[in-house]
Every structure is written in structure tokens, then in C-alpha cells.
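Colleague: Structural data only, the sequence is not supplied:
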């Protein structure tokens, strides 16, 4: 576990990072813990933009990274909007940086984690060399059609939920691409799963080959 000092045993998530080592330095005793300083890739988008479909399609096909859908850890205990879901995001970053120590970077498919402002200030973000963001986006009418066609148990057909996802979809198109750390866009309006999967795979491979 990277957060536990191997010398003094103190748990500190806020270790000092020396990229040149790379090493995580214990603030308590100064012990330098060598670790793999790998990039973080996040594939995001509004609900029904295609994240889970593409993650499922590509899982096991990309040997250079570990693809994970962040919904697998979601539970009501993480539903903390007052803290902007930081506990949930920090949990995923902590898990991701420990997975990285096996030598393969994580690629997280997530909605809220696709907003750089939700991730970059977090304590656990320091353990990744760089972060890359890609958002799947589509035309508003297509996104609404997909949401309304989902089975009832997903509770995605209400007007309020649909409007929230349309707003999120537009955020990526209008603000995410122009942020201090821009989010790249991939249009999934045509619903061509194979082509979208190939495009996402190319995006992942290009960034990991350049980083590792």
C-alpha cells in the first residue's frame, strides 16, 4: 500500500512526490518509497453516451491498460453531493494508483470523474504522472432517445433526469473542451459501437504509448 510508510508505518495519503525518482516521500520521517508513476486516463460522458458499452467491448482487448467501469463500486454511502462526491472519487484514485503498481495504467470509465475540476485538486491525484480526459458526446435528440428507451429499472426516463444529462452533455461540448485542462470529445451520435470502440482504443493506446 503506497499510503503506508514502509519505515515508520504512518498512513499519509499526502506524501510528497518526487517525479525524478519517482518516489513518494513520507512527511513524517522522510522515507522515500519508490513507486510506478503512471498516467491516469478517464473516459467520460453523460448517461447513455456509450461509456459502459465501450468499456465492456474493449475490456480484455487492450493489453497496455486496465479498463474499469467506476459504477462497480457505487453504493448509497458514496451519494454525498454536499462534498461533490470527493470520497467516491478519492476511493477510485487510491485504487487506481495501487493497480498501477502492477505496471499497467488504469483507464476509468466514469461520468463525474470526467470533469477535471472534480479530480485535479484531490489528494490522491498526485500519484499519477498526468491525466487525460475523453468525453463521449452525442446530439441532444439522440441522447434523449437513448435515455427514454432504457428499461424502467434504470430510472432514466424522467424529464428531470433527462434534462440533467442533456445539460451535462452540453457542458462537455461547450465548456469541457475549453477548460484549463481540456476534455477531448468523441461524437457517438451515429451509434456505431464498433467505430466508437476503435476510436477509443486508438485514443487510449496513443496516450499510453507516449507516456510509458
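Modeller: Nice, thanks for sending it over. Predicted model, so just to flag it, every value in this text is computed and none were measured.
Colleague: does the most centrally placed residue in the chain count as helix, strand or coil?
Modeller: Central residue of the chain (CA atoms, centre = their mean): residue 42, 3.3 Å from the mean position. Each residue gets one of three states, and residue 42 gets strand by DSSP: H, G, I helix; E, B strand; the rest coil.
Colleague: pLDDT value on it, please?
Modeller: Residue 42 is assigned a predicted lDDT (pLDDT) of 98.
Colleague: what bridges to it?
Modeller: residue 108, residue 133 (DSSP bridges).
Colleague: I'd like the next helix or strand past the helix or strand encompassing residue 143.
Modeller: Element membership for residue 143 (DSSP states H and E) is helix 140-149. With elements assigned by DSSP H and E, the helix or strand that comes after helix 140-149 is helix 159-174.
Colleague: what mean pLDDT does that following helix have?
Modeller: Averaging pLDDT along helix 159-174 yields 95.
Colleague: Hmm, residue 126 is touching residue 18, no?
Modeller: No: the pair formed by residue 126 and residue 18 falls short of the contact definition of CB atoms under 8 Å, at 10.9 Å. Every residue, glycine included, has its C-beta placed from N, CA and C.
Colleague: Who has more neighbours out of those two?
Modeller: Set side by side, residue 126 and residue 18 give different neighbour counts by other CB atoms under 10 Å, the larger being at residue 126 (17 against 13).
Colleague: Excluding chain neighbours, give the residue nearest to that one in space.
Modeller: Distances taken as CB to CB, 6 or more residues apart in numbering place residue 17 nearest to residue 126, at 5.0 Å, with adjacent residues excluded.
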